[in-house]
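**Student:** got a predicted structure here, sequence first:
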Amino acid sequence: MKNIFKWRVEGLSTYKIADKLNGKGLPTPAEYKKLQGMKYKSGFNLKSSTKWTHITVTSILKNIIYTGTLVQGKTTTPNHKVKKRITKSEAEWVTVPDNHQPIVSKEIFDTVNSLFEYDTKTAPGNRTVYPLSGKLFCSDCGGNLIRKSVKRDGREYVFYTCALKLKDKNKCSSHRIKEKDLEECILVSIRNHIDRVFDVRNTLKLISGLRLQQSDIELADTELKNKIKLLGEYKTSKETLAKSCMSGIISRNNFNDFSKVYDEKISAVEKNIADLRESIEKMLKSDKDRFSWIDEFIKYGNITEINRNIVVTFIDRIIVHEGNKVEIIFTHRDEYESAISFIENSYEVAKGKLNT
Ligand SMILES: [Zn+2]
């Protein structure tokens, strides 16, 4: 099952994956269930359930269940008289993340599904997917660059060029760049990026070793306790006020005015408390999965050549400027930025602690 995802990321079409699986004589999910002696029941009728098809492969690749997420309530019966089941809209489904042991990571699942989006736009089933396919964009017209090859003196020259210019020579400009140069430049950039991410990870490890994250949570927790105490004080004051009014110490009008002031204070503190609780919850949660993408990156360590797998893992898009200049937009850039600012904040907190 894991291999199906791996092959897809490496650029194999769903047709080729089906061929490969049939070649290996592996049972399809339906057949597998039969072999296991399970009561065979499937939502749709597969005529040739003993053979893999691009449809069975696609349904596996698109099924979020393999990331460990359970989806329930996809269909419903309107009422007990009508037996027919209807499919609910995706927004109404109930999803339970981390329900069971995942077969693929969320990263790989998302990568595979973004490939589907790209392929439906460009590639017919069997076309070879080059490492950089669909990732190169023209800096001037914003359109795709396409791969071309020419033979000269018996040698083949492969390059990328602006698709718009190629179609209409009065539009845009060539933005031509040699495939070999481009791949070399991308290889070097990815390696540098991995180095930087590696540094970030080490720093993060150091920080968590110093338990600075913990102190952020502790700080918020202390503040939360203070606010809860304050809320209690306001409530007591309001009760005292009500007693004073009843025993005639203060007038009804005065009571109304004071009471209004307290109500405002109370609702402000209540909002504070709710906000603090939310941010503490966020801190606790983010601690765990904020940096999971880093491990996905680090896995590649020292790469010596680029392939489709590496390109889709690391690169969101590449903008090609005139004159052999390229700009690489990496995936997870928001998370990367947030890791950097997290490190900077931790540094500030540490500095503050030393000064006091
Ligand atoms: Zn262009």
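**Tutor:** Thanks, I have the structure now.
**Student:** what about residue 50, which SS state?
**Tutor:** On the three-state scheme (DSSP: H, G, I helix; E, B strand; the rest coil), residue 50 is labelled coil.
**Student:** okay, it: pLDDT?
**Tutor:** For residue 50, the pLDDT comes out at 70.
**Student:** gap between it and the ion?
**Tutor:** Going from residue 50 to the ion by C-beta to the ion, to the nearest Å gives 49 Å. Just so you know, the C-beta spots here come from the backbone N, C-alpha and C atoms, and that holds for glycine as well.
**Student:** how many residues are close by that residue?
**Tutor:** 11 (other C-beta atoms under 10 Å).
**Student:** I'd say it and residue 28 touch.
**Tutor:** Yes: assessed by C-beta atoms under 8 Å, residue 50 is found in contact with residue 28 at 6.6 Å.
**Student:** enumerate the residues of the stretch 151-300 of the chain near the ion.
**Tutor:** 162, 164, 172 (C-beta under 5 Å from the ion).
**Student:** tell me how many other residues surround the second one.
**Tutor:** By other C-beta under 10 Å, 20 other residues sit near residue 164.
**Student:** do the same with residue 97
**Tutor:** For residue 97, using other C-beta under 10 Å, the count is 12.
**Student:** confidence score at it?
**Tutor:** Looking at residue 97, the pLDDT reads 72.
**Student:** what of residue 172?
**Tutor:** Confidence at residue 172, expressed as pLDDT, is 93.
**Student:** what's the lengthiest helix in the chain packed up against?
**Tutor:** Determined from DSSP state H, the single longest helix within the chain is helix 252-289. If you count contacts as 3 or more C-beta pairs under 8 Å, 6 or more residues apart in numbering; DSSP states H and E, helix 252-289 packs onto helix 212-246.
**Student:** so is the residue at the greatest distance from the centre of the chain in a helix, a strand, or just coil?
**Tutor:** Computed with C-alpha atoms, centre = their mean, the residue of the chain farthest from its C-alpha average is residue 248, at 63.4 Å. Counting by three-state DSSP, the backbone at residue 248 sits in coil.
**Student:** could you list the low-confidence segments of the stretch 251-356 of the chain?
**Tutor:** 285-290, 350, 353-356 (pLDDT under 70).
**Student:** closest residue of it to the ion?
**Tutor:** Distances between the stretch 251-356 of the chain and the ion by C-beta to the ion are smallest at residue 320, namely 8.7 Å.
**Student:** give me the residues contacting the helix or strand encompassing that residue.
**Tutor:** Using DSSP states H and E, residue 320 falls within strand 315-321. For strand 315-321, contacts defined as C-beta atoms under 8 Å, 6 or more residues apart in numbering pick out 132, 135-139, 145, 160, 175, 177, 182, 186, 190, 326-331, 333.
**Student:** next: stretch 187-200.
**Tutor:** 294, 297-298, 300-306, 310, 314-315, 328, 330, 336, 339-340, 343.
**Student:** in ChimeraX, select just the buried ones from those residues.
**Tutor:** Listed next is the ChimeraX selection for buried residues among those, using 16 or more other C-beta atoms under 10 Å:
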select :294,297,306,310,314,315,328,330,336,339,343
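**Student:** just the contacts of stretch 187-200: which are in helices?
**Tutor:** Of the positions in the contacts of stretch 187-200, 294, 297-298, 310, 314, 336, 339-340, 343 sit in helices, assigned by DSSP H.
**Student:** which parts of the helix or strand hosting residue 55 are buried?
**Tutor:** Per DSSP H and E: residue 55 is located in helix 54-61. Neighbour-count burial for helix 54-61 flags 56-58, 60-61 (criterion: 16+ other C-beta under 10 Å).
**Student:** and what of stretch 324-333?
**Tutor:** 326, 328, 330-332.
**Student:** which ones are touching residue 181?
**Tutor:** residue 324.
**Student:** phi and psi next, for residue 158.
**Tutor:** phi -110, psi 130 (degrees, to the nearest 10).
**Student:** before we move on, what about the one 3 residues further on?
**Tutor:** Backbone torsions for residue 161, taken as degrees, to the nearest 10, come to phi -150, psi 160.
**Student:** tell me, how many residues neighbour the nearest residue to it once chain neighbours are set aside?
**Tutor:** In space, and not counting its chain neighbours, residue 161 is closest to residue 176: 4.7 Å by C-beta to C-beta, 6 or more residues apart in numbering. Around residue 176 there are 17 other residues, counting by other C-beta under 10 Å.
**Student:** distance of residue 176 from the ion?
**Tutor:** For residue 176 relative to the ion (C-beta to the ion), the value is 11 Å.
**Student:** go on, residue 227?
**Tutor:** Taking C-beta to the ion, one finds residue 227 at 57 Å from the ion.
**Student:** could you report the neighbour count for that residue?
**Tutor:** Residues near residue 227, counting by other C-beta under 10 Å: 20.
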